[in-house]
Structures are given as C-alpha cells and as structure tokens.
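Asker: Sequence and predicted structure are below.
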Amino acid sequence: MAEQDCQPQATLNKQYAPQVKKQSHARYDQDPIIIVEDLHKWYGNFHVLRGINMKVWPGEVIVIFGPSGSGKSTFIRCINRLEEHQKGRIIVDGIELTHDVKNIERIRREVGMVFQQFNLFPHLTVLENITLAPIHVRKWPKEKAEKIAMELLERVGIPDQAHKYPGQLSGGQQQRVAIARALAMQPKIMLFDEPTSALDPEMIKEVLDVMIELAQSGMTMLVVTHEMGFAKAVADRMFFFDKGQVVESGTPEEIFTNPKEERTKQFLAQILH
Amino acid sequence: MAPQTQRDEYLPPPTERFSLLGVIWKNLLTPWYNFVLTVVSLWLLYAILKPTIRWALHARWEVLPANMRILMTGPYPGEFLWRVWATLWLLGFVVGFSWGVWVRRRERVTWVLVAIPILLAAVSQGTVRLYWLGVLLAALIGWALGRRLRDRKGGLIGVLLWVFYFPAFVLLIRGFGLPEEGPAWKYHIAVQLALYVAALFVGVWAAKASWPGWIWAALAVVGLMGWAGPWSRTLFIGGVVAWLIWNGARRYAHLEGMKRFTISVGLAYIPALIFIFFAYEPLAQTWLSKVNSNYWGGLLLNLLITVFGIMFSFPLGVLFALGRRSSLPVIRLFSILYIEFIRGVPFITILFMAQVMFPILLPPEMSIDRVVRAILGVVMFAAAYMAENVRGGLQAIPKGQYEAAYALGLTATQTMLLIILPQALRNVIPVLVGQFIGLLKDTTLVTIVGLLDILGVAQSVLSNPDWIGTQREVYLFVALLFWVFSYGMSYASRRLEQALGVGQR
C-alpha cells in the first residue's frame, strides 16, 4: 500500500496537466519580498498557527497545500492582515505588519488577493469591479483605469463581458474577473486562497491557465491549492502544512518524487487519486 | 410510447390559446361549486355596492370645494397663497426637467403625471384652474429644457435642481422678513460673503498651501470666544463655512473650468451686494414677508413634515445603524441606548417631549418654532426604527465583501460607502419605503400637539354648523389623498428596485 502511494506520478496525468516549459522567474539574488518569522495565531484557545517561518523571494511561485484545518488559508490571510497574528513578525516589501493602519493599507495596495468564493461586488459591473480600487485607492483618472481594466480583461480572456454584472457570469469567468481586479492595482505579490475549489471541473482549467500565464510573467505568487498539476508546472517551492506547522517544504520534484515525512506521503496519496 | 427527442432538435415551449370566454368558463362556471360561488359573490357585490352608490349620488360633496383651501394649506394667509402655488410650479418644472433628462422610453406613468394637473384644472374654477395649468406649463417647459440638455450635463443640473428645490420650497413658504440683528445686518452678510469668495479664490489658486486653514480657524475661534463683540457670531459662522469652502476648493482645484467658475462667483459678488443693500428690504417686507409656522397647516404641513422627516431621519438612521455595529464601545453603547430608548417610548410621547423639552435644553435666545420641534420629534422617532432596518440590511452582507474591499486597499470608510451601504440599502428598500409610508400617515398625529394638519383642519370643518353631518365625505377625501401619496411612494420604490436590480441576482 505504502509502496504504491510513493509513486504519485502515474496518477498526476488524470488531473490538470498543462504542457508548459518549466522556467523559474525567481530572483534569489535580491532580498526576500516576504519574511515570516515564528508566526503564531490563536482563535480563542485554539492554536491555529504554531511557529511558521517562510521567506519568499521576488518572482517566486509558492504552493501551499495540506489538509483542511491545517491553517494554510489563515496563514496567507495574515500576509495582508485580513487576519491578525499574535506573535512573530511578518515583513512584506520591507514594511512590518503592525497595528499601524497606514502600514496595513500600504501593504494591501501592493498585495493582491483572490478568494475561493470570488467575492466580486455584485452591485457593480465587471468593469466597475476592476476600476474601483485603481480610481479610489491609486487615484487614477477614470479613463486610465478603464483602459488598463480592458487590457486585463483581454489578458484573462473575457473582454466581451465588461459591462455585465457578476451574477450573469459563470464561476470560472467570475474568478478570472477577480484575478483581473486584483491585478488592476498592479500589485507586487498575488495571494490565491483556494482559487479553484468552488469551481466545476470544466472551469478549473480556464482559471489555472490564467494563473500559469501570470506565473510565467514573473509575478510573485503564494497559492493555496490542491491542484498538483499546477504546482508541478510552475511552483518554485511547495510547503506542506499540517496542524498549524510546516511539515515539509521543497521543490515540486522533491515533494512529489521523494517526500521525507510520512504525513506528506499519506496526504499526497489521498489527493492524487 | 412517445417518440424520443432528436439530438439536434430544440422544441418551442408548449402554448395555450387565450380566450376570455374560455377563462370564464374554466375558472368561474365549472365545476358546479365554482358556479355557486360566482353567483353568491355577485349577489354580495350588489348588496354592498347598491347603498354605497346611492349614498355617493346624494352626498354633500360641496363641502370639499368650499373648504379645499384650508384642507390644503390650513390658516396660511390668502394674500401669500401664490407662494404655495409657486412651489408647485417649481415642482412641475423640476419633475418635467428630470423626465426630459432621464426618461427615454415612452412610459405609461408619463400620461398619468400629465393627466393629474389637467384633471385638477378641469374640476377647479377661476384662478385655481389657471394655477393648475401653470403647473402643466412649467412641467412642459422643464421637459423641453431637459431634453435639450440631456447630453450636456443635464443629469448634473437635474440633481442640483432637486437639491435646491427643498430649500427653495421652505424659503417660499416661510418667506424672509428682516434679520433680528438690527440695521447692521447688511454689513454682516456682506462680510460673510466676502469671506466665502476669498476662501474660494485662495483654495483654487493656492491649492498646495495649508496656511490659509489657520486664518479661517482663527476667525472661527475669535468668534466662538466672543472677542469681537457684536461681530462674534458673523466671524464664527464665516470662519467655519469659509474653512469648508476652502477645503472643497483645494480638493477640486485641478478640475477643468474651476478657475473660470471661481472668477464668475467673484463677479457675482457685486450684484449680490447691490441686491443686499438696495433690493432685499422692500422685497422682504412686501412679497416675501415672513409667514410664521403657526400659519402653516393642512396637507401642506403633512407633506412638509414627511419630506423633512425622511430627509433627515434617513442619514441619521444609517449613522445609528453603523454606530450600533461599531467596534468603539462608547459609540456602540450610545447608539444602542438611543435606539432602545426611542423604540421603548410611544410616538405621541416623543412628540410631546419634543414640544416641551427642546425649549428647556436650548439656550433661551435660540427659540425654535413648533413645526420645527414637531419635525425634530418625527426625525428622532423615525431614525431609531430606520437604524434597525438598515442594520438588518448590513447584516445580510457577507464577510467576503469586506475582505475583498480591504484586500484591494480600500479604507474602512471607502468600503462602507462604496461597497457595503449600496448593497445593504438596496436590500432594504421595501422595508424603508414601508417605513416612509408609515411616517406620512403618522404625521396626522401632530394634531395632538396643536398643529393644524389636514386631519386637524378636517375636524374644525366638521364642527362648523354649516357642514355638520359631512364626516363621510370629508374623511373619505382625506383617506383618498393619503392613499394617492402612499401608493405613489410604493410605485416609485418598485421602479427604483427594478432600476437598481438590473442584471443582478
């Protein structure tokens, strides 16, 4: 049984397996853009994050995976302060996250986020969803924001939907709009919190294709996902979370072909069926 | 067995031919118990309608035209009645203008709106008929103007017209009279206006400089401390308003046309001075002399209290709703206390309290009149209920909407104004309009604190020996009026929901 689980390669092909030439854009010669040191967080008495350490360099694509309740979503939500950490340090783009509201807003401008449930604004059209933050946060003139929004819609493949409302789009289209909305702020880092988990199988591919294109353009990305085909194609490093700790990390090759920890093997065996 | 649908075959939906006789036969006459029910219903209808129609034909409807003026305006002095009509002409103009700008399709409701003044002109006589035709004329002029300006800032002008309509309405009803400060008031006004113009100029031409802020602040402080003697009040108001103007002008100084606008305001200062020093006094003492709120009454008073009640209680209610969800304990506690206190007290009690408490709470030189006190009572009452309704809407917004907005870098205020409130308020339109309708009907309670609203006037008409025994006619008319306005609000809210709900789930 265990022998079989150690060879997930055979089953990978059943899932999403894009044919892309693997090419890393990570710039390890520069300073890390995200530094997380000894991060702890509690929900009431529940110790949800137990001492996470991570450094991310510009251009890296990080995939975070693990069982539900392992704290992986909580972790990336700490990076743009949607969740508050109680111990440890988070430094993003040279700014430490503290209670200082101005710092939090400055970091959020540079960090885009895509959610599992899309979280588009239902009362605004697609175009208004995308231009809202550039106009009100970056203070761009409306014409400039709309021009860039249309370019982004072109890039995610749905320029013809610009004047519809989110409720009129399919799930995959909504998630692509959400990606375009985050990109419109021209962030340095993109966070993806299980971006395909709420989608039908047919729509997962169209969203992952957009994310792969983004990764190949050199964007720094932290992705919480179970799409191992995506991880294999573009991830620079992978982190396996369990019970609020990083159990194992390494390149996709190391994780898939030669996982060190028993818990990692167990989990990979389950999701790669 | 039915033939199977082919793979490339798409069938039209099944249709049913409509015929009136068929529907009657199917729903009213078969089977036999439907037939019995139909006969019984028809007999009941006849039994109710026959005496009603007989009464309606012999009723003393002449009580209505004979007392129409006081039912509509109460004891408002007859020589200034044209000012009430003027507010209607203005309203006709503004509605017509809005129609010209915003309503592009042919709408059935257009004809209803046109029919109202025509119908009212048809049933009235003499000058009143001319006045109603004036309303129609104003609406047509406004409509033609709105159509011409449709693509040239018509929308902006339309919004401004509505914003200015309400102050104009009150000024026309109330008139001006002369300020109480004595003959020096002209200089006070002139100085204040000069401050405002200066603030505008400084804000536009020295938008980067922050030092002018200190000048306005200093003026306000000098005024507040009373260091300028009789000029203190002028300096205080002038300083505060100048600071606001200066701040706004700085923010929008980069806009195209702002400098031209500023220069024209500066030039307008001269005719304004001439008006203040030479034309105002004779005008204020004759045509536009003050009509105290003791003389406002009838339907006019009901509508006035309703409009102002809605206008002020709505924003206040939103603030209290936000306050109740605030993370700051003091604000939250204050909001909860306010809402629960007001909701725990009957409306009539609040009306009485407003009449007797405000004069005690305010300094003696600041007396506010009875109508304003009644409006304050209505606002306080409505705001508490409004707050709870709006809070219901706020709670229906998923957490993800806040998170998405914050993740984009929006501030808490921007998130509230751009993302949360538009959705929350849209969800509670039916409830809010229900409350507005309730507010309109509750205004009849001001009779109790001695104001002569339409119901109060109706009672005084009925106690007139000439019109004894006409309760049915008068109350039916009053009920009809309230129905018309309530239904109008209800209709408008449904249209608003449709307009805002386009393409949304």
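Answerer: Looks like it arrived, so ask away.
Asker: So what's the gap between stretch A:221-239 and the chain middle?
Answerer: Distance, stretch centre to chain centre, for stretch A:221-239: 9 Å (C-alpha atoms, centre = their mean, to the nearest Å).
Asker: brain fart, stretch A:53-72
Answerer: Mean-position distance between stretch A:53-72 and its chain equals 8 Å (C-alpha atoms, centre = their mean).
Asker: the strands in chain A, which residues?
Answerer: A:34-43, A:46-56, A:61-65, A:87-92, A:95-96, A:111-114, A:189-193, A:220-224, A:237-242, A:245-250 (DSSP state E).
Asker: Flag every buried residue along the second one.
Answerer: What it means is strand A:46-56. A:48, A:49, A:50, A:52, A:54, A:56 (16 or more other C-beta atoms under 10 Å in any protein chain shown). Just so you know, the C-beta spots here come from the backbone N, C-alpha and C atoms, and that holds for glycine as well.
Asker: Over to stretch B:285-305?
Answerer: B:288, B:291, B:293, B:295-305.
Asker: Now do the end-to-end distance for that stretch.
Answerer: Stretch B:285-305 has an end-to-end distance of 27 Å (criterion: C-alpha to C-alpha, to the nearest Å).
Asker: And the contacts of that stretch?
Answerer: For stretch B:285-305, the external contacting residues (C-beta atoms under 8 Å, 6 or more residues apart in numbering or on different chains) are B:70-77, B:80, B:83-84, B:170, B:173-178, B:284, B:369-372, B:374-375, B:378, B:440, B:443-444, B:446, B:451-454, B:456-457, B:481, B:485.
Asker: Counting only helices, which of the residues you listed make the cut?
Answerer: Judged by DSSP state H, the contacts of stretch B:285-305 include B:70-73, B:83-84, B:170, B:173-174, B:284, B:370-372, B:374-375, B:378, B:440, B:454, B:456-457, B:481, B:485 as members of helices.
Asker: Please list only the buried members of those.
Answerer: B:70-73, B:83-84, B:173-174, B:284, B:370-371, B:374-375, B:378, B:440, B:454, B:456-457, B:485.
Asker: Could I get the phi/psi values of the residue positioned nearest the centre of chain B?
Answerer: Central residue of chain B (C-alpha atoms, centre = their mean): residue B:307, 3.6 Å from the mean position. Main-chain torsions, residue B:307, degrees, to the nearest 10: phi -60, psi -50.
Asker: same question, residue A:97
Answerer: According to degrees, to the nearest 10, residue A:97 has phi -80, psi 120.
Asker: before we move on, what about the one 3 residues further on?
Answerer: Comment: the main-chain dihedrals of residue A:100 come out as phi -60, psi 110, following degrees, to the nearest 10.
Asker: Give me the neighbour count for it.
Answerer: Close neighbours of residue A:100, defined as other C-beta atoms under 10 Å in any protein chain shown, add up to 11.
Asker: Kindly report the same for the one 4 residues further on.
Answerer: The burial metric for residue A:104, expressed as a neighbour count using other C-beta under 10 Å, is 19.
Asker: And it, what's its pLDDT?
Answerer: Looking at residue A:104, its pLDDT is 93.
Asker: residues in contact with the closest residue to it other than its chain neighbours?
Answerer: Nearest non-adjacent residue to residue A:104, counting by C-beta to C-beta, 6 or more residues apart in numbering or on different chains: residue A:81, 4.9 Å away. Contacts here follow C-beta under 8 Å, 6+ apart; on that basis residue A:81 touches A:97, A:104, A:107, A:108.
Asker: looking at those residues, which has the most residues close by?
Answerer: Going by other C-beta under 10 Å, residue A:108 tops those with 25 neighbours.
Asker: Run through the residues that contact that residue.
Answerer: Counted by C-beta under 8 Å, 6+ apart, residue A:108 has contacts A:80, A:81, B:406, B:407, B:408, B:409.
Asker: farthest pair in the residues you listed?
Answerer: A:81 and B:408 (13.1 Å; C-beta to C-beta).
Asker: if we can go back for a sec, looking at the contacts of residue A:81, spot the one nearest chain B.
Answerer: Distances from chain B to the contacts of residue A:81, taken as C-beta to the nearest C-beta, are shortest for residue A:108 (4.2 Å).
Asker: Can you add pLDDT, secondary structure and distance to residue B:256 and give the buried residues of stretch B:285-305 back as a markdown table?
Answerer: Below are those laid out as a markdown table (pLDDT from 0 to 100; DSSP: H, G, I helix; E, B strand; the rest coil; distance: C-beta to C-beta, whole Å):
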| residue | pLDDT | secondary structure | distance to residue B:256 |
| --- | --- | --- | --- |
| B:288 | 81 | coil | 37 |
| B:291 | 86 | coil | 44 |
| B:293 | 83 | helix | 44 |
| B:295 | 88 | helix | 48 |
| B:296 | 90 | coil | 44 |
| B:297 | 91 | coil | 49 |
| B:298 | 93 | helix | 48 |
| B:299 | 94 | helix | 46 |
| B:300 | 93 | helix | 43 |
| B:301 | 94 | helix | 45 |
| B:302 | 95 | helix | 45 |
| B:303 | 93 | helix | 40 |
| B:304 | 92 | helix | 40 |
| B:305 | 94 | helix | 42 |
